[in-house]
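Peer 1: predicted model and sequence follow; I will ask about them next.
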Protein chains: 2
Amino acid sequence: MPKVDKAYLEQRRAQILKSAKACFAKNGFHKTTMRDIMKKSNLSSGALYRYFKSKEDIIEAIALQTLEANIATIDDAKRKGNARSQIETLADRFFSLLEKPEEKFTSVDVELWGEASRNKKVKNILVKSIGAHHAEFVKIILQAQANGEIRRNVDPESMASVMIALFQGAIVQMRVGGNLDLWKYVACVKEMLATLLINEEEVNA
Amino acid sequence: MPKVDKAYLEQRRAQILKSAKACFAKNGFHKTTMRDIMKKSNLSSGALYRYFKSKEDIIEAIALQTLEANIATIDDAKRKGNARSQIETLADRFFSLLEKPEEKFTSVDVELWGEASRNKKVKNILVKSIGAHHAEFVKIILQAQANGEIRRNVDPESMASVMIALFQGAIVQMRVGGNLDLWKYVACVKEMLATLLINEEEVNA
DNA sequence: TAATAAAGAACGGGCGTTCGTTTTAGGGAG
DNA sequence: CTCCCTAAAACGAACGCCCGTTCTTTATTA
């Protein structure tokens, strides 16, 4: 099929990435072979290497894809409501990614964290991703503090890191820790965050 | 050197594990070769394979070592003071592991998380490790609730998971996230946890 | 001297990757 | 419209390297 249009090419690329992601989620980056990806995507090595110049290239593309998905999620949630509801919306979005471990590919996140220590491109992408989340949380917190929604004595930078940690930790515990009751966990997190909201007495003080 | 004593053998084993851990921390499990470990420990392949029957065997030994170190840390902190100070002691211990990334090997933790998805033994060890922390936190929280130190409406199971997540997330952000100001982060965490302690008004209510 | 420990050359297999070949479809000539 | 022709796309056997591991040989000491 020569001279196919651009959409065809992009679709092929996406198909390969999807297959690769499935393999990576199941067996990790290093235990999945190129042949695994070929088999999963019903493509030959020749075809595969037309779209990606190496295995690393695929990994990097997946990292990038994750980054873009995350940023899209943030942008989407950004529009609505006050600080508290923005935070809760984001929390719901991200935590629900963990619900069906096989379909959503948070296992790949753990792989990427490991990969970051030896692949600079991957590391840069992750730094950007985490940085984007962090910046967004900081912005929300600062605005909320200005509005009197959140106590002024909490450090926005650290608080943002804490929120991110609560999500990352949930990933770890879902993947390797055994039995995390996700929604009880989320409820607990929300309650914790709620205690940081200014209550009536403090507003008047 | 034939017929050496037991201490000699154990020391050799430890030396290999230490070298391996250093390699793994720098390059990850899959990018470090057996030759890397041999070079680092100044040992030949023959010697190495006298002490460990495979590369996986080394990885599992390191996972086990991590588990034991963690449990020792818990046991050590368990003896002292009320719930709040126990929690703070544990937090200080674990977070200080993150201070000098090159010497303490928390990078290996991230590797282990990834490895757990494809190596059952490693997974079991990690489940045990996280489980031990979780159980210990639950115990502390329950006791503290009985003593009236901590609000009774927080779910101990989830709260314990949250605490663990705060540590795991810190690892991720230190390793791959760029610039986490660790002690500001810890201060923020402690303050959050403090808000969950019953304050005077509530005791009287 | 016998048994253990260490050495290190050698091996076998599997992996990522390449490359010569085959298939496919658009486009110009008749 | 039909028939090539051409270039893109896919194929898949083959390659070569590297890694984990083994095995024979050498050193060491009780």
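Peer 2: Yes, it's here.
Peer 1: so A:A77 touches A:I87, yeah?
Peer 2: No: the pair A:A77 / A:I87 is not scored as a contact, 9.0 Å apart, by CB atoms under 8 Å. Using the backbone N, CA and C atoms, a C-beta is placed for each residue, glycine as well.
Peer 1: pLDDT score for A:S161?
Peer 2: The model reports A:S161 with a pLDDT of 97.
Peer 1: what's the closest non-adjacent residue to it?
Peer 2: Among residues not flanking A:S161 along the chain, B:Y185 sits closest, at 5.3 Å (CB to CB, 6 or more residues apart in numbering or on different chains).
Peer 1: surely the one you found touches A:M163?
Peer 2: No: with contact defined as CB under 8 Å, B:Y185 does not count as touching A:M163 (11.4 Å).
Peer 1: dump the residue contacts of the residue nearest to A:A83 when sequence neighbours are not counted.
Peer 2: Sequence neighbours aside, A:A144 is the residue nearest to A:A83 in space, at 3.2 Å (criterion: CB to CB, 6+ apart). By CB atoms under 8 Å, 6 or more residues apart in numbering or on different chains, the contact set of A:A144 is A:N82, A:A83, A:R84, A:I150.
Peer 1: look up how far chain B lies from A:A144.
Peer 2: A:A144 sits 16 Å away from chain B, going by CB to the nearest CB, to the nearest Å.
Peer 1: next SSE after the strand or helix carrying that residue?
Peer 2: For A:A144, the host element (DSSP states H and E) is helix A:120-146. Moving toward the C-terminus from helix A:120-146, the next helix or strand (DSSP H and E) is helix A:156-175.
Peer 1: circling back: list only those of the contacts of A:A144 flagged as buried.
Peer 2: Taking 16 or more other CB atoms under 10 Å in any protein chain shown as the criterion, what is buried in those is A:A83, A:R84, A:I150.
Peer 1: tell me the pLDDT at the second one?
Peer 2: Model confidence at A:R84, given as pLDDT, is 79.
Peer 1: does it touch A:N147 like I think?
Peer 2: No: using CB under 8 Å, A:R84 is not in contact with A:N147, being 10.2 Å away.
Peer 1: need the overlap of contacts for these two.
Peer 2: Joint contacts of A:R84 and A:N147 (CB under 8 Å, 6+ apart) do not exist.
Peer 1: and the helices in chain A?
Peer 2: A:6-31, A:34-41, A:45-51, A:55-78, A:83-96, A:106-116, A:120-146, A:156-175, A:182-195, A:200-204 (DSSP state H).
Peer 1: coming back round to it: as CSV, the buried ones among the contacts of A:A144 with distance to A:T195 would be great.
Peer 2: Shown next, in CSV, are those (distance: CB to CB, whole Å):
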residue, distance to A:T195
A:A83, 15
A:R84, 12
A:I150, 11
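Peer 1: out of these, which is nearest to DNA strand D?
Peer 2: A:A83 (48.2 Å; CB to the nearest atom of the strand).
Peer 1: OK, contacts around that closest one?
Peer 2: Contacts of A:A83 by CB under 8 Å, 6+ apart are A:I140, A:I141, A:Q143, A:A144, A:N147, A:E149, A:I150.
Peer 1: rerun that using 7 Å as the cut-off
Peer 2: Contact partners of A:A83, counting by CB atoms under 7 Å, 6 or more residues apart in numbering or on different chains, are A:I140, A:Q143, A:A144, A:E149, A:I150.
Peer 1: would you list those in JSON lines and tack on distance to A:I62 and pLDDT?
Peer 2: Putting those into JSON lines (distance: CB to CB, whole Å; pLDDT from 0 to 100) gives the following:
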{"residue": "A:I140", "distance to A:I62": "28", "pLDDT": "91"}
{"residue": "A:Q143", "distance to A:I62": "33", "pLDDT": "89"}
{"residue": "A:A144", "distance to A:I62": "34", "pLDDT": "88"}
{"residue": "A:E149", "distance to A:I62": "37", "pLDDT": "84"}
{"residue": "A:I150", "distance to A:I62": "36", "pLDDT": "85"}
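Peer 1: closest one of the residues you listed to B:A14?
Peer 2: A:I140 (48.6 Å; CB to CB).
Peer 1: and stretch A:110-130, what's its mean pLDDT?
Peer 2: In this model, stretch A:110-130 has a mean pLDDT of 94.
Peer 1: that one near DNA strand C anywhere?
Peer 2: No: judged by CB under 7 Å from any atom of the strand, stretch A:110-130 stays clear of DNA strand C, getting no closer than 12.6 Å.
Peer 1: do that stretch and chain B meet?
Peer 2: Yes: looking at stretch A:110-130 against chain B by CB under 7 Å from any CB of the partner chain, the contacts come from A:V110, A:E111, A:W113, A:G114, A:A116, A:S117, A:R118, A:K123, A:L126, A:V127, A:I130.
Peer 1: A:Q86 contacts A:I140, doesn't it?
Peer 2: Yes: with contact defined as CB atoms under 7 Å, A:Q86 counts as touching A:I140 (5.4 Å).
Peer 1: which residue of the two possesses the greater neighbour count?
Peer 2: When A:Q86 and A:I140 are compared for neighbours, A:I140 comes out ahead with 24 against 21, by other CB atoms under 10 Å in any protein chain shown.
Peer 1: ok, that one to A:N147 distance?
Peer 2: From A:I140 across to A:N147, the span is 11 Å (CB to CB, to the nearest Å).
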